[in-house]
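A.B. asks: sequence first, predicted model second:
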Amino acid sequence: MTLDYDLGLNDHSFEWTNASSWPVLLDAMAAMGCKWVRMDLALVQVSGTNYPYVVGGAGTAARVAAFAAAAKTAGLNVLFALIYPSLATSQADTLASELAALVSAPGCQGLAWEIGNEPEYGGIDPVVYAEVVNVVYPAMKAADPTCRVGVGVVANVNMGGKGQSWLAKAFAAGFVGDFLSYHSYDGWSGVASPDVPPAQWWGGNGVLAICQQFENWAIGQGWHGDFWITETGIQSTDPSGGMTLALQAQWMGELLPLYEQLSPVPKVVCVYELSDEGQGSDIDWGMMTGEGIGPKPVYAVVQALAAPAPPPVPTPPPPPPAPETADQYAAAHGMVVIDVAEARQAIHVGISYYTWSNGAMHGSRLPSIPTGITLYAFAAPLDAHHIHHAGP
């Protein structure tokens, strides 16, 4: 099976200071059939443990370029989620200058970027967010026209959810971007039963219905760009104790194909995440039990979904046409079968008779008429001279 969108993976296991560890994780992603890796990139100090891999200062562009090169070697594209603990309109020009310099740095062109990550949970005002994006986005595109910039990046997209309500205010203020990014998690937690598949989450109003309603609403707000789902996933354990490794695999196998039915289909869907972690709510979301090692049952399920379609079986060429027969040639050219007596009469009045050999008609006006073979002549000259002929 081949998904109708590009599959990506999130992961927090990358250590920015240890580039030698990257290939193991990137190769594990590529082996699943992924085309994208999504990384958090904090350009300013972020407190707490959620974003331990802070990147900043003079080495930022070089590290971003090195990671992008490693991902390209593994056959992956890179999406960086730019993490900000806060935003203010007064920062817009500074952020625009910094990001323009980053996306135009050697090795950093052609990447994808998201402005923020679930900003509705970070206390970022949606109107301020829109104002900042409207300054930052054109600066990034002018510096690197090949970059792609995602905006919104909200969770809780069900109507009335925190993310959708936050985004409504940003839309009212007006903002621009290449793709609208959202996260699809709502409703599964606590529904730990194999009898309640993803299509029936949210009390029967399933994943497909919620996401479609959100996309329709965004289009109604004036959004004309693409949609990307940059986080979605299912844990293999949960507080209720009902989740299992097998159920995680089963549900992921049902969840990912649902996104193909959206209209428009998201360009990219990023699963959260490659490796299990031991940090609070991030426990057991992984496709693997460790950093690029120990695949869980879900790994093979996702791998099968993302596998490229087998090449089409070539259609064999049609058999060559059967050689043309004497009767076919005669019918196509207005010829008829004549007997020996008629052939002699035809010769007498200057009409040729013909014999068939080696796939062609051969004419003769010689008085010596061969015997034991079929003789042909053109019907019109025969009729004009009132010579009776055999055959049709």
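C.D. replies: Perfect, I can see it now. Numbers count the residues shown, from 1 in each chain.
A.B. asks: which one is V64 nearest to, not counting chain neighbours?
C.D. replies: In space, and not counting its chain neighbours, V64 is closest to C108: 5.3 Å by CB to CB, 6 or more residues apart in numbering. Where you see a C-beta, it was placed from the backbone N, CA and C, and this is true even at glycine.
A.B. asks: sec struct for that neighbour, please.
C.D. replies: What DSSP: H, G, I helix; E, B strand; the rest coil gives for C108 is coil.
A.B. asks: ok, it - how many residues close by?
C.D. replies: 23 (other CB atoms under 10 Å).
A.B. asks: contacts only, for it.
C.D. replies: A61, V64, A65, A68, L102, D144 (CB atoms under 8 Å, 6 or more residues apart in numbering).
A.B. asks: in the stretch 51-200 of the chain, where is pLDDT below threshold?
C.D. replies: 51-58, 186-200 (pLDDT under 70).
A.B. asks: what about the helices in it?
C.D. replies: 60-73, 92-103, 126-143, 162-173 (DSSP state H, counting those that start in this stretch).
A.B. asks: I'd like those helices laid out as CSV, including distance to M335.
C.D. replies: Shown next, in CSV, are the helices of the stretch 51-200 of the chain (distance: least, CB to CB, whole Å):
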stretch, distance to M335
helix 60-73, 70
helix 92-103, 78
helix 126-143, 74
helix 162-173, 80
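A.B. asks: the helix or strand containing I347: which residues count as buried?
C.D. replies: For I347, the host element (DSSP states H and E) is helix 340-348. Buried residues in helix 340-348, defined by neighbour count with 16 or more other CB atoms under 10 Å: E342, A343, Q345, A346, I347.
A.B. asks: specify the residue positioned farthest from the middle of this structure.
C.D. replies: Largest separation from the mean C-alpha position in the chain: H348, at 78.2 Å (CA atoms, centre = their mean).
A.B. asks: check it and give its pLDDT.
C.D. replies: As predicted, H348 sits at a pLDDT of 80.
A.B. asks: one step back: need the contacts of C108 in TSV with neighbour count and distance to M32, can you?
C.D. replies: Shown next, in TSV, are those (neighbours: other CB atoms under 10 Å; distance: CB to CB, whole Å):
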residue	neighbour count	distance to M32
A61	17	29
V64	22	23
A65	17	25
A68	21	20
L102	23	29
D144	20	29
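A.B. asks: nearest to V132, of those residues?
C.D. replies: L102 (15.7 Å; CB to CB).
A.B. asks: in this structure, which residue is closest to the centre?
C.D. replies: Y5 (3.3 Å).
A.B. asks: ok, that one - contacts?
C.D. replies: By CB under 8 Å, 6+ apart, the contact set of Y5 is Y259, E260, V265, P266, K267, V268, V269.
A.B. asks: show the buried residues in these.
C.D. replies: Here, 16+ other CB under 10 Å leaves Y259, E260, P266, K267, V268, V269 buried among the contacts of Y5.
A.B. asks: would you verify that L7 is located in a strand?
C.D. replies: Yes - the assignment for L7 (three-state DSSP) places it in a strand.
A.B. asks: circling back: dump the contacts of C108 into a markdown table; add distance to A218 as well.
C.D. replies: Shown next, in a markdown table, are these (distance: CB to CB, whole Å):
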| residue | distance to A218 |
| --- | --- |
| A61 | 33 |
| V64 | 29 |
| A65 | 33 |
| A68 | 29 |
| L102 | 28 |
| D144 | 26 |
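A.B. asks: what sits against the closest residue to Y272 other than its chain neighbours?
C.D. replies: Leaving aside its sequence neighbours, Y272 sits nearest to G233 (CB to CB, 6+ apart; 3.9 Å). By CB under 8 Å, 6+ apart, the contact set of G233 is Y185, M252, V271, Y272, E273, W285.
A.B. asks: which one of those residues is nearest to G160?
C.D. replies: Of all the contacts of G233, G160 sits closest to Y185, with 15.8 Å by CB to CB.
A.B. asks: look up how far F227 lies from L262.
C.D. replies: 8 Å (CB to CB, to the nearest Å).
A.B. asks: no, scratch that, I was asking about A341
C.D. replies: 86 Å.
A.B. asks: go on, G152?
C.D. replies: 10 Å.
A.B. asks: can you work out which residues contact both of those two?
C.D. replies: L180, S181, Y182.
A.B. asks: now those residues in a markdown table, with neighbour count and distance to N117?
C.D. replies: Putting the shared contacts of G152 and F227 into a markdown table (neighbours: other CB under 10 Å; distance: CB to CB, whole Å) gives the following:
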| residue | neighbour count | distance to N117 |
| --- | --- | --- |
| L180 | 25 | 14 |
| S181 | 30 | 9 |
| Y182 | 27 | 11 |
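A.B. asks: could you single out the nearest of the residues you listed to Q91?
C.D. replies: Nearest member of the shared contacts of G152 and F227 to Q91, counting by CB to CB, is S181, at 20.7 Å.
A.B. asks: verify the stated contact: that closest one with V149.
C.D. replies: No - at 9.7 Å, S181 does not count as touching V149 under the criterion of CB atoms under 8 Å.
A.B. asks: identify the contacts common to those two.
C.D. replies: In contact with both S181 and V149: E114, using CB under 8 Å, 6+ apart.
A.B. asks: give me the pLDDT value at the residue nearest to the centre of the chain.
C.D. replies: pLDDT, read off for Y5, is 95.
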